[in-house]
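**Q** Got a sequence here, can you model it:
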Amino acid sequence: MHPFTVLHVCMGNICRSPMAERLLARSVRDRVAVPATGVRPAADDPAARLVRSVSAGTGGWHEGEEMNPPAARQVRARGGVDTGFAARKLLGEHLDEADLVLTATADQVDYVVALRPDAADRTFVLGEFGRLLAGVDPAALPAAAADPDAVYARGVAIVEAVHAQRGGRPPQPTDDLDDPWGRGDQTFARIGDEIEDAVVPFTRLLLP
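**A** This is a model prediction of the structure:
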């Protein structure tokens with residue numbers, strides 16, 4: 001069984017989605033008490049064996065670039081690791097590998113679903129996912145355990161439960177993450193807060 005894989009999507013893959021990628025990874029490490037000492041191979045990282053957090057951008061203009069500096073500052077300030085990152089363009093194969101897709105905006109959900117229609121039930125705007133997650137009953141989920149098979153099964157069940165909470169309703173405008181590109185640290189800090197408002201409760205539910 002492969003790790004439960006979360007794919008974060010924004011436009012350029014240098015601000016919002018890499019922040020979400022690395023802040024989710026940090027939150028998972030917090031839950032399994034693994035210090036964030038740097039980017040390690042998955043085989044050497046107990047957290048990465050449970051949850052794989054990756055990202056990509058719909059635009060592809062920044063392929064190979066590092067994280068935008070103010071985004072990287074936010075990741076470091078929140079205990080995450082910003083090194084070893086390179087932006088990439090979203091491809092269908094990335095969606096095929098993902099058990100959960102979290103986008104920055106509703107427009108990006110549409111892009112994902114156009115690329116891979118079968119990803120619709122597991123694709124959400126990040127803010128939408130965090131909002132609906134509150135309605136999931138933990139008692140209805142598979143038992144929690146710190147092994148890859150159990151985490152994978154629990155993650156899939158969470159996604160299914162959040163999709164059921166959605167009930168075919170579209171995202172709310174407030175679910176979108178603003179694009180902080182070219183704006184100040186205050187804006188990036190707000191985006192970081194909004195990301196953590198979704199990914200931290202998710203990891204707490206996934207790894208209680």
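
**Q** can you tell me how far Phe202 sits from Asp185?
**A** Distance, Phe202 to Asp185, by C-beta to C-beta, to the nearest Å: 25 Å. (Each C-beta comes from the backbone N, C-alpha and C, glycine too.)

**Q** what pLDDT does the residue of the chain most remote from its centre get?
**A** Most distant residue from the mean C-alpha position of the chain: Ala139, 23.5 Å away (C-alpha atoms, centre = their mean). Looking at Ala139, its pLDDT reads 95.

**Q** Report the contact partners of it.
**A** Taking C-beta atoms under 8 Å, 6 or more residues apart in numbering, we find Ala139 in contact with no residue.

**Q** which of the residues in the top helix by length along the chain are buried?
**A** Counting residues, the longest helix found in the chain (DSSP state H) is helix 185-206. Buried residues in helix 185-206, defined by neighbour count with 16 or more other C-beta atoms under 10 Å: 187-189, 191-192, 194-196, 198-203, 205-206.

**Q** which residues does Val101 bridge with?
**A** Leu7, Thr123 (DSSP bridges).

**Q** Would you mind confirming that it is in contact with Thr123?
**A** Yes. The criterion here is C-beta atoms under 8 Å, and Val101 meets it with Thr123 at 4.1 Å.

**Q** Please identify every residue contacting each of the two.
**A** Joint contacts of Val101 and Thr123 (C-beta under 8 Å, 6+ apart) are Val112.

**Q** Under the pLDDT cut-off, which ranges of the protein? List them.
**A** 1, 34-44 (pLDDT under 70).

**Q** Find me whatever residue is spatially closest to Leu132, sequence neighbours aside.
**A** Gln165 (4.2 Å; C-beta to C-beta, 6 or more residues apart in numbering).
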